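> Fold the following and give me the result.
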Amino acid sequence: MVKGRLPVTGEVLEVSPPAPIPRWGKPGYVVQTYGIPRYRVFELIKEGKVRSALIKRKGAQKGMRLIDLNSLDKYLEQHVS
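Residues are numbered from 1 along each chain as shown. Next up, the predicted model:
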């Protein structure tokens with residue numbers, strides 16, 4: 001929390017700092033935040049247009065897919081009309 005006073009009234013305000021912007025996100029985060037359907041997120045990864053990482057234990061069949069949100073942002077910027 002950051003506290004400050006209004007110059008005119010002297011009223012004390014408490015303001016929370018903004019939340020940090022994440023670098024990586026799960027596919028569900030991308031769906032909720034960007035509104036891109038889950039199937040399209042995986043298509044973009046498969047096509048090499050968006051970077052991702054698969055985190056899993058050695059020998060495991062399943063893991064956790066993380067999307068590089070910077071690469072997703074760059075992809076979207078290229079398609080702005």
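
> pLDDT below threshold where in this protein?
1-4, 6 (pLDDT under 70).

> Let's see that with 50 instead.
Within the chain, no stretch falls below the threshold (pLDDT under 50).

> can you give me the helices for it?
Across the chain, reading from the start of the chain, the helices by DSSP state H fall at 27-34, 38-46, 69-78.

> From the contact counts, what lies against the second one?
What that stands for is helix 38-46. Counting contacts by 3 or more Cβ pairs under 8 Å, 6 or more residues apart in numbering; DSSP states H and E, the secondary-structure elements packed against helix 38-46 are helix 27-34, strand 64-68. To be clear about C-beta, it is placed using only N, CA and C from the backbone, and glycine gets the same treatment.

> tell me the angle the last one makes with helix 69-78.
Meaning strand 64-68. 50 degrees (axes from the mean of the first three to the mean of the last three Cα atoms, to 10 degrees).

> List the buried residues for strand 64-68?
Along strand 64-68, these residues count as buried under the neighbour rule (16 or more other Cβ atoms under 10 Å): R65, L66, I67, D68.

> Dump the helices and strands packed on helix 38-46 into TSV; add distance to E14 as well.
Output for the helices and strands packed on helix 38-46, formatted as TSV (distance: least, Cβ to Cβ, whole Å):
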stretch	distance to E14
helix 27-34	27
strand 64-68	34
